[in-house]
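Colleague: quick one: sequence plus predicted model below, questions after.
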Number of protein chains: 2
Amino acid sequence: MDAALDLIWEESYGSVTIDDICKRAEVKKGSFYYFFSSKSELAVAALERMWLQSWKPSMDQRFSPSIDPLTRLTAYLESIYDKQVAIKQEHGKVLGCPIVSMGTETCTNEESVNGKIRELLNRKRRYYESAIRDAVAEGLIEPCDPAEKAVAFAGLIEGIVCQCRIMNDPEVAKHLPEMGLRILGAKQTASVPDKA
Amino acid sequence: MDAALDLIWEESYGSVTIDDICKRAEVKKGSFYYFFSSKSELAVAALERMWLQSWKPSMDQRFSPSIDPLTRLTAYLESIYDKQVAIKQEHGKVLGCPIVSMGTETCTNEESVNGKIRELLNRKRRYYESAIRDAVAEGLIEPCDPAEKAVAFAGLIEGIVCQCRIMNDPEVAKHLPEMGLRILGAKQTASVPDKA
DNA sequence: GCTTGACTAGACTAACTAGTCAACTATTCG
DNA sequence: CGAATAGTTGACTAGTTAGTCTAGTCAAGC
């Protein structure tokens, strides 16, 4: 599963073959088909596994209610830039977000994969929404519909991360925290710690 | 070229074969190779053609300096929602933006296509930047670096349009104009005409 | 030592893929 | 007209692909 996700992330869903995956995982095709019946089935399993093992724990920590709601959001935005920088270091290229990349590619012809992708995007969005709701309650941002605002917030992140991938440049995400606060309608706009 | 762009847009770059393109275009493969030497070469030519024939005229009109700068931007944002609704009507599915979809998919293994994609994204960005600069000059939005703001603006659009595609729902882009004004830092936030 | 069930290996097929080529047709222009 | 140029065709190769199948390995329990 790790081999599959890595390959798909580094290239694309369509350009990765089952043979490629087997080669990277050092496994023969017979074994592959013992566990999975197709690439899409593997992809769905791998995505769920990634969520449970990596994403969820990380999100739980970053969006802990013990943290000030606006800080949850801005710290998360900062972490996105850091992450893309780290990916470029490790993989030699900026790879963006595997979910969005796979999502845009597979949504028109891989129903099962797309279902899982939507699920994961919705799970992430719920973290944003909760933090936004808390921030509104504490009067840190202007009153709004948290669900609607979370969509906008997620959209901004995904769009910027997408651009990072296409341009192969993490610097596109450098000012994500300020942009995010703008979208949110934060009352004190200068609250981003000067980390540059 | 139209056949290729349509197919790639409806599915994805990787899943469309040269045979598919020939079939849709009602042309035999020999003819294909008479004009192009590969799928990527066709893609580059098709993208440039699309820009010149459709996108550029449309952008020139929407971003005419004769229009109030903030109106240029908000009307454009509204048009994006309308466009996705129209696409769903015509194709049965929300297809998002072909440039972003192709871009995220091809950027790691199709250098020539990626080059053209970056070029087109930069051309679009220049329209935003110019309108933002005018808006700042006229005191319609808060002072800022227009280039930087244009990146954020483009990011929001691309992210939201991406979500529309993945979710197969144009409604995600419904509130794009308000979100855009937030990002821009417009001074009178209630300036979006009540078009709903 | 025997059996069972989980897993692996790798050869195999049938379909599909990119790309080639020589023969064919249409168009243009002197 | 006649010939050259431009474009078309479909059959061809050679390589790749997903997916199947049979023979086999291995460890646990009896």
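Modeller: Structure received.

Colleague: what is the one helix or strand residue A:183 maps to packed up against?
Modeller: Here residue A:183 sits within helix A:176-184, counting by DSSP states H and E. Under the contact criterion of 3 or more CB pairs under 8 Å, 6 or more residues apart in numbering or on different chains; DSSP states H and E, helix A:176-184 touches helix A:69-91, helix A:146-167, helix B:146-167, helix B:176-184. C-beta coordinates here come from the backbone N, C-alpha and C atoms, glycine included.

Colleague: between the shortest one and helix B:69-91, how big is the angle?
Modeller: The directions of helix B:176-184 and helix B:69-91 differ by 140 degrees, with axes from the mean of the first three to the mean of the last three CA atoms, to 10 degrees as the criterion.

Colleague: look up phi and psi at the residue nearest to residue A:130 when sequence neighbours are not counted.
Modeller: Leaving aside its chain neighbours, residue A:130 sits nearest to residue A:63 (6.9 Å; criterion: CB to CB, 6 or more residues apart in numbering or on different chains). Torsion angles at residue A:63 (phi, psi; degrees, to the nearest 10) stand at phi -110, psi 30.

Colleague: got the contact list for residue A:63?
Modeller: Going by CB atoms under 8 Å, 6 or more residues apart in numbering or on different chains, residue A:63 touches A:72, A:76, A:127, A:130-131.

Colleague: the lowest-mean-pLDDT helix or strand in chain A and DNA strand C in contact?
Modeller: Taking mean pLDDT, DSSP states H and E as the measure, helix A:29-35 is the helix or strand of chain A with the lowest mean score, a mean of 86. Yes. Helix A:29-35 comes into contact with DNA strand C (CB under 7 Å from any atom of the strand), by way of A:29-31, A:33-35.

Colleague: between those, which is nearest residue A:92?
Modeller: Using CB to CB, residue A:29 comes nearest to residue A:92 of the residues of helix A:29-35 next to DNA strand C, at 28.6 Å.

Colleague: what comes up buried for the lengthiest helix in chain A?
Modeller: Taking DSSP state H as the criterion, chain A has its longest helix at helix A:111-137. Buried positions in helix A:111-137, judged by neighbour count with 16 or more other CB atoms under 10 Å in any protein chain shown: A:113-114, A:116-118, A:120-121, A:124-125, A:127-136.

Colleague: repeat that for stretch A:81-98.
Modeller: Buried positions in stretch A:81-98, judged by neighbour count with 16+ other CB under 10 Å: A:81, A:83-85, A:87-88, A:94-98.

Colleague: go on, stretch A:43-52?
Modeller: Buried residues in stretch A:43-52 (16+ other CB under 10 Å): A:43-44, A:46-47, A:50-51.
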